[in-house]
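Participant: predicted model follows, preceded by the sequence.
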Amino acid sequence: MPTGAPLPSTKRLCFARFSEYDSGDLAQLLADPEVTRTITANASDPERCVASAKARIDWHNGSWSGKGYGVWALRLRRPDGSPAQRVIGWCGFAAPDHADEDPEILYGLSRDCWGQGLATEAARAAIDWLFQSTDYGGVSAVILGRLNPASIRIAEKLGMVPRGSMSMEDFLTTPGLPQEVLDYEIWRLREGDCLDPEALLFQAPYRAGQIASLDLSDPADVEAALHQAARARGDFAMRTPGEVEERVRQAFRAGLAEPRMDVYHLARPA
């Protein structure tokens, strides 16, 4: 962290570096398929949740040593101003995934904290910190816009503007990670908790299609696995089996045809 730089702070949120003791709270967050539906984490069972939490903490803290930025744990602020015990999310910066020198903002919140403006509040405080404490010329965001319109709205509230796109091939570069995320999407379609089964029927096949575009395996085999997962789920009672199959097919093939992420950018104020 830059010498003497105060932590970001807001009326409702406390920021702090992650510690190893936060892995339990983070694992609980990652166990919610609604939280992990647009991030790269395979959290389909308790062991994977814990492993993903520990890996993410190492990743979030690792940037501080060389980049001058990293990712903070978020806690709600008690009435007396002190931080509550539970980690409710994360916010901060990672090295960019695309051809840009500006750091990429990351954020995520527990489902029970959605809809309260906390993500925008955290991101705005983090961006203010970045511009006050470092010399970076801007901040970027990589968003899976078809599946996460809420993040597009947050980016726009922050004053960020579209700056093209990046390929899934450039985004998922960690060996083994694409297959893990693909496996997770098939699991999520089959049995993952969700707010809206109808939305899930698009989300999981679409993202699986994006990842299948990387030639991990025969797309026909991936599509067949998605159909099998959808048939095993009982939430789609309002649709006939044929309708479910067609919805999966259309979403999967749309993902195959659109293996891209949306890139947004905010320049340092003059």
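Facilitator: Right, received. Where do you want to start?
Participant: so where's the stretch 151-270 of the chain uncertain?
Facilitator: Scanning the stretch 151-270 of the chain for pLDDT under 70 picks out the ranges 238.
Participant: going along the chain, name the strands of it.
Facilitator: Taking DSSP state E, counting those that start in this stretch as the criterion, the stretch 151-270 of the chain carries its strands at 161-167, 260-267.
Participant: which among those is found nearest to Pro6?
Facilitator: Taking C-beta to C-beta as the criterion, strand 260-267 is the member of the strands of the stretch 151-270 of the chain that comes nearest to Pro6, at 21.2 Å. (Each C-beta comes from the backbone N, C-alpha and C, glycine too.)
Participant: quick check: buried residues in that closest one?
Facilitator: Burial within strand 260-267, assessed by neighbour count using 16 or more other C-beta atoms under 10 Å, is assigned to 260-266.
Participant: Phe15: which of those is nearest?
Facilitator: Of the buried residues of strand 260-267, the one sitting nearest to Phe15 (C-beta to C-beta) turns out to be Leu266, at 19.2 Å.
Participant: nearest residue to that closest one in space, please, no chain neighbours.
Facilitator: Excluding the flanking residues, the one nearest Leu266 by C-beta to C-beta, 6 or more residues apart in numbering is Met160, at 4.5 Å.
Participant: please report how far the residue lying closest to Arg239 once chain neighbours are set aside lies from Gly192.
Facilitator: For Arg239, the nearest residue in space outside its immediate sequence neighbours is Arg247; the separation is 7.2 Å by C-beta to C-beta, 6+ apart. Distance from Arg247 to Gly192, counting by C-beta to C-beta, to the nearest Å: 17 Å.
Participant: so which of the strands of the stretch 151-270 of the chain is nearest Arg207?
Facilitator: With distances scored as C-beta to C-beta, the stretch of the strands of the stretch 151-270 of the chain nearest to Arg207 is strand 260-267 (11.0 Å).
Participant: sheet-wise, list the partners of that closest one with their directions.
Facilitator: Each strand that strand 260-267 pairs with, and the sense of that pairing, follows from DSSP bridges: strand 138-143 (antiparallel), strand 161-167 (antiparallel).
Participant: of Arg247 and Gly192, give the one with the bigger neighbour count.
Facilitator: Neighbour totals were compared for Arg247 and Gly192, and Gly192 leads with 21 against 17 (other C-beta atoms under 10 Å).
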